[in-house]
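Visitor: have a look at this fold, sequence not included:
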């Protein structure tokens, strides 16, 4: 298989208009709110999501114009492999965020803990399930030294 074609299911409406304004992760600005506006045909897919506190949102880094295999992350001067960081300049430009669900109305999923640029295309939404998605004894590699007191 040489090619995979994906089509956005919606768009993120975020207060972040410039990449420099976005926090490195949404948990560092939990008060910021945004919403996903789904295409009408996908709105029924939100049924029963309101019973979950968080969702995993998969999106496309639409402003990334380059691909890097090794680059410098935000927190360090040292370069790391792309699969050890969360840079948007990755193969396929796919991003993933865990967001706190605030409410769901019609085709809009309102959330907080936002770390995504306005008008970002959404590829998928999955419920965050504490029984599946939480792990014990987790190591976070080179990031641990930066987040010990976070």
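Guide: Yep, that arrived. Just so we're clear, the structure is a prediction, and the values are computed from it rather than from any experiment.
Visitor: what pairs with the helix or strand harbouring residue 11, parallel or antiparallel?
Guide: In this structure, residue 11 is located in strand 10-13 according to DSSP states H and E. Taking DSSP bridges as the criterion, strand 10-13 sits next to strand 33-38 (antiparallel), strand 120-127 (antiparallel) in its sheet.
Visitor: quick check, residue 58 in a strand?
Guide: Yes - secondary structure of residue 58 (DSSP: H, G, I helix; E, B strand; the rest coil): part of a strand.
Visitor: secondary structure class for residue 101?
Guide: Remark: residue 101 carries the secondary structure label strand [criterion: three-state DSSP].
Visitor: so what's it up against?
Guide: Residue 101 makes contacts with 49-50, 52-55, 109-111, as judged by CB atoms under 8 Å, 6 or more residues apart in numbering. Quick note: C-beta positions are derived from backbone N, CA and C, even for glycine.
Visitor: got those residues as a markdown table, with distance to residue 20, pLDDT and neighbour count columns?
Guide: A markdown table is the format used below for the contacts of residue 101 (distance: CB to CB, whole Å; pLDDT from 0 to 100; neighbours: other CB atoms under 10 Å):
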| residue | distance to residue 20 | pLDDT | neighbour count |
| --- | --- | --- | --- |
| 49 | 31 | 97 | 14 |
| 50 | 33 | 95 | 12 |
| 52 | 31 | 96 | 15 |
| 53 | 30 | 95 | 11 |
| 54 | 26 | 94 | 17 |
| 55 | 26 | 95 | 21 |
| 109 | 26 | 97 | 26 |
| 110 | 25 | 97 | 16 |
| 111 | 22 | 93 | 27 |
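Visitor: which ones among those map onto helices?
Guide: Counting by DSSP state H, the contacts of residue 101 place none of their members in helices.
Visitor: and the strands in this structure?
Guide: For the chain, the strands defined by DSSP state E cover 10-13, 33-38, 54-60, 70-71, 80-81, 94-105, 108-112, 120-127.
Visitor: ok, the fifth one: who's next to it in the sheet?
Guide: As defined by DSSP bridges, the strand partners of strand 80-81 come to strand 70-71 (antiparallel).
Visitor: what pairs with residue 58 across the strands?
Guide: When assigned by DSSP bridges, residue 58 has beta-bridge partners residue 96, residue 124.
Visitor: what does residue 12 give?
Guide: Residue 12 has the following beta-bridge partners by DSSP bridges: residue 36, residue 120.
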